[in-house]
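Enquirer: Generate coordinates for the sequence data below:
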Amino acid sequence: MVNELREAAGKLLDDGKVDLVIGWAKGSLPLASTPVFISSSDEADQLVFDSTCGNNLTVYFTKDNKKISRDRKKVGIFVKGCDSRSLVLNITEKQLKREDVTIIGVPCSGVIDTRKVRRKAEGREVLEYSQDGDTVTIKGKEFELSVPLEELLSNACLSCLRKDAEEYDLFIGEPRKFSGESDPYSDIEEYENLSADERWERMNEEYSKCIRCYACRNVCPSCYCNVCFVDQNDPQWIGKTPEITDTMIFHIIRNLHIAGRCVECGACERACPMDIRLLYLNRKVAKEVRERFGSDTGTDLDQKPAMADFREDENQDFIMG
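Expert: Coordinates of the predicted model:
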């Protein structure tokens, strides 16, 4: 698959169909691939794809769009299922034009959460990593462990139903179709069954760990305001210290801002240095949007995000009571 991936990127560049290809390359540390920008076919042999490729590369279209488009008008990008949904969202929100991007789908079996690896290694440094099918082997000084891949996958991947891109120009291999499961949010039933007081306690427990580094915001392809509300001074919406009330306001408002726009890629949770279960609230909001508006974010180029659209036949019981 890697050879086919590299050949596809090289051909697109040689044929002049794209000026730049964004993909993944081997990182400097085990279990950590890194984004790579390929501008000639000679560089295509850097490209890789495996379960360490967790970065949602579409963030470069919203965070660094001006920098990318300054010299290169046409861009090719490799996407997993969740990444392609981000691209579709960006296109519907007029952040880029469909004709300016060549979407190359890759078959995703989930991405590894390095925090789960560290727990398995009991804090010992991992020096080597290899994968054989559904088994991951990690090695370090005087230890070697073989672990089922499923036990190391990101929480977002465990409940993912759209593993492969549904919008693409090229696909490496054969894309799998949407599974159509009726209840993709069964994993948050435990949270939903908590009483109001218990939910509040759970949120306090999670968000009190936050140090307000904003890694979750910075890695999110749906967070692209020129000035974030937490950075505004006039007016100043919330305090700058990690006080629990201000921290809670930040997370709640951010969730409202990405309601109907979150593709549940889990990039925010994997980027969090404090191990906060950010997907609790993200997926709860996504479930509400799905049930109330029948909308799955980033699955249709002709569909606006739920909170940016209005239909007279919408269910309005939350307004009318």
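Enquirer: For the longest strand anywhere in the chain, which strands pair with it and how are they oriented?
Expert: In the chain, with assignment by DSSP state E, the single longest strand is strand 20-29. Here strand 20-29 has these sheet partners by DSSP bridges: strand 32-38 (antiparallel), strand 47-48 (antiparallel), strand 75-79 (parallel).
Enquirer: Need those strands in JSON lines (columns: distance to T247 and mean pLDDT).
Expert: All C-beta atoms are positioned from the backbone trio N, CA, C, and that covers glycine. Below are these laid out as JSON lines (distance: least, C-beta to C-beta, whole Å; pLDDT from 0 to 100):
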{"stretch": "strand 32-38", "distance to T247": "28", "mean pLDDT": "93"}
{"stretch": "strand 47-48", "distance to T247": "37", "mean pLDDT": "96"}
{"stretch": "strand 75-79", "distance to T247": "32", "mean pLDDT": "95"}
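Enquirer: Please convert those to TSV, extending it with mean neighbour count and distance to S86.
Expert: Output for the strands paired with strand 20-29, formatted as TSV (neighbours: other C-beta atoms under 10 Å; distance: least, C-beta to C-beta, whole Å):
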stretch	mean neighbour count	distance to S86
strand 32-38	18	14
strand 47-48	20	20
strand 75-79	23	8
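Enquirer: Figure out which of the ones you listed is closest to E4.
Expert: Across these, E4 has its closest neighbour in strand 47-48 (10.5 Å, C-beta to C-beta).
Enquirer: what sits up against that closest one?
Expert: 2, 5-6, 9, 21, 23-26, 33, 36, 38, 78 (C-beta atoms under 8 Å, 6 or more residues apart in numbering).
Enquirer: Please list the outside residues in contact with stretch 248-257.
Expert: With C-beta under 8 Å, 6+ apart, stretch 248-257 has contacts from 203-204, 207, 210, 212, 216-217, 223, 225, 229-230, 237-238, 262, 278, 281-282, 285.
Enquirer: Restricted to helices, list these.
Expert: The helices, defined by DSSP state H, take in 203-204, 207, 216-217, 281-282, 285 from the contacts of stretch 248-257.
Enquirer: Need the residues you listed in CSV (columns: distance to T92 and pLDDT).
Expert: As requested, the ones in helices among the contacts of stretch 248-257 are exported to CSV (distance: C-beta to C-beta, whole Å; pLDDT from 0 to 100):
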residue, distance to T92, pLDDT
M203, 31, 89
N204, 36, 91
Y207, 30, 92
C216, 23, 94
R217, 21, 93
L281, 24, 86
N282, 20, 88
V285, 19, 89
